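Asker: Give me a 3D structure for the following:
(one chain, ligands or ions: 1)
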Amino acid sequence: MSVRMRHTRAHTKNRRSHHALKGPAVSKCSNCSESHIRHKACLKCGSYRGRQVIDVVKKLKKKQQRIKEKEKQQQ
Ligand SMILES: [Zn+2]
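Answerer: Below you'll find the predicted structure:
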């Protein structure tokens, strides 16, 4: 069978040259000037648009406790 509407390899590759994915939109935190993903809260200080939305200290404590419990289970 012969392919009637076949494109050349160059034609296909030219078309696909626009298909690459762009990296995530990153912006600077107004509170601590750390880079964070746009439209998301800063993971370092937990603020979004100049407002505190995540209790970072509480979250860190919770994480450390979870690690401790995991270590206890392994023993
Ligand atoms: Zn921040």
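
Asker: got the residues of this structure near the ion?
Answerer: Proximity of the chain to the ion (CB under 5 Å from the ion) is limited to residues 29, 31, 32, 34, 42, 44, 45. Yep, even glycine has a C-beta here, placed from its N, CA and C like the rest.

Asker: Just give me the neighbour total for the third one.
Answerer: Put plainly, it is residue 32. Close neighbours of residue 32, defined as other CB atoms under 10 Å, add up to 12.

Asker: Residue 44 is in contact with that one, correct?
Answerer: Yes - counting by CB atoms under 8 Å, residue 32 touches residue 44, with 5.7 Å between them.

Asker: For residue 68, give me its contacts.
Answerer: Residues near residue 68 by CB atoms under 8 Å, 6 or more residues apart in numbering: none.

Asker: C-alpha coordinates for the longest helix that the chain contains, CSV please?
Answerer: Taking DSSP state H as the assignment, the helix of the chain that covers the most residues is helix 56-74. The C-alpha coordinates for helix 56-74 follow below in CSV (Å, rounded to 0.1, in the frame of the first residue of the first chain):
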residue,chain,number,x,y,z
VAL,A,56,5.1,27.0,58.2
VAL,A,57,6.4,26.3,61.7
LYS,A,58,3.4,24.1,62.5
LYS,A,59,3.9,22.2,59.3
LEU,A,60,7.6,21.7,59.9
LYS,A,61,6.9,20.3,63.4
LYS,A,62,4.3,17.9,62.0
LYS,A,63,6.8,16.7,59.4
GLN,A,64,9.5,16.1,62.0
GLN,A,65,7.1,14.2,64.2
ARG,A,66,6.1,12.0,61.3
ILE,A,67,9.8,11.2,60.6
LYS,A,68,10.3,10.3,64.3
GLU,A,69,7.3,8.0,64.3
LYS,A,70,8.6,6.3,61.2
GLU,A,71,12.0,5.7,62.8
LYS,A,72,10.2,4.2,65.9
GLN,A,73,8.3,1.8,63.7
GLN,A,74,11.5,0.6,62.0
